[in-house]
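J.: sequence plus predicted model, see below.
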Amino acid sequence: QVQLVESGGGLVQAGGSLRLSCTASGRTFSRYTMGWFRQAPGKEREFVTAISQYGGTTSYADSVKGRFTVSRDNAKNTLYLQMNSLNPEDTAVYYCAADGSLPMTRVTFPSQYDYWGQGTQVTVSS
């Protein structure tokens, strides 16, 4: 099992930046494909980005390409999401997720992940 804790959310003005972190404890972090999802009020949880076990492969939703960057530091058991050029449509609760056997071809499906953090709120004001 792995436990995930997100941090770094907050209130930012449109055009600003935030960096989210997701710290893992439990089993070896490098075993897991990691993803970021977000959920706005009244909407379904949506895929944001994912990264393979050693960071060699990434995947992004079209809505965040060129603005968001996912990375991981396996030595620190931490996943990151650098978010730039934020806009009000990015307002949501952001969740990190992990799965030990998930191929990158299926990372966009939340049902494929076994472990989830509690989420961190990101609010972008206009």
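T.: Received it, and whenever you're ready, just let me know what you need. Numbering: from 1, shown residues only.

J.: centroid residue for the protein?
T.: Closest to where the C-alpha atoms of the chain average out (C-alpha atoms, centre = their mean) is W36, at 2.1 Å.

J.: so which helix or strand takes in it?
T.: Counting by DSSP states H and E, the secondary-structure element that holds W36 is strand 33-39.

J.: beyond that strand, next helix or strand please.
T.: Using DSSP H and E, the first helix or strand after strand 33-39 is strand 46-51.

J.: show residues contacting that following strand.
T.: By C-beta atoms under 8 Å, 6 or more residues apart in numbering, the list of residues contacting strand 46-51 from outside reads 33-39, 57-61, 64, 68, 70-72, 79, 81, 94, 104, 107-110. (Each C-beta comes from the backbone N, C-alpha and C, glycine too.)

J.: list the helices and strands the strand holding W36 packs on?
T.: For strand 33-39, the contact count by 3 or more C-beta pairs under 8 Å, 6 or more residues apart in numbering; DSSP states H and E identifies strand 18-26, strand 46-51, strand 68-73, strand 78-83, strand 92-99 as packing neighbours.

J.: rerun that using 6 Å as the cut-off
T.: strand 46-51, strand 92-99 (3 or more C-beta pairs under 6 Å, 6 or more residues apart in numbering; DSSP states H and E).

J.: for A14, find the nearest of those strands.
T.: Each of the helices and strands packed on strand 33-39 was checked against A14 via C-beta to C-beta, and the shortest separation belongs to strand 92-99, namely 14.6 Å.

J.: quick revisit: what number of residues lie near the spatially closest residue to the residue nearest to the centre of the chain that is not a sequence neighbour?
T.: In space, W36 comes closest to V48 once its chain neighbours are excluded; the distance is 4.2 Å by C-beta to C-beta, 6 or more residues apart in numbering. Here the count is done by other C-beta atoms under 10 Å, and V48 has 25 residues near it.

J.: got it, and Y115?
T.: Counted with other C-beta under 10 Å, Y115 comes out at 18.

J.: how about G55, phi and psi?
T.: Here is the backbone geometry of G55 (degrees, to the nearest 10): phi 80, psi 10.

J.: one step back: from the contacts of strand 46-51, which would you call buried?
T.: Among these, those scoring as buried are 33-38, 59-61, 64, 68, 70, 72, 79, 81, 94, 107-108, 110 (criterion: 16 or more other C-beta atoms under 10 Å).
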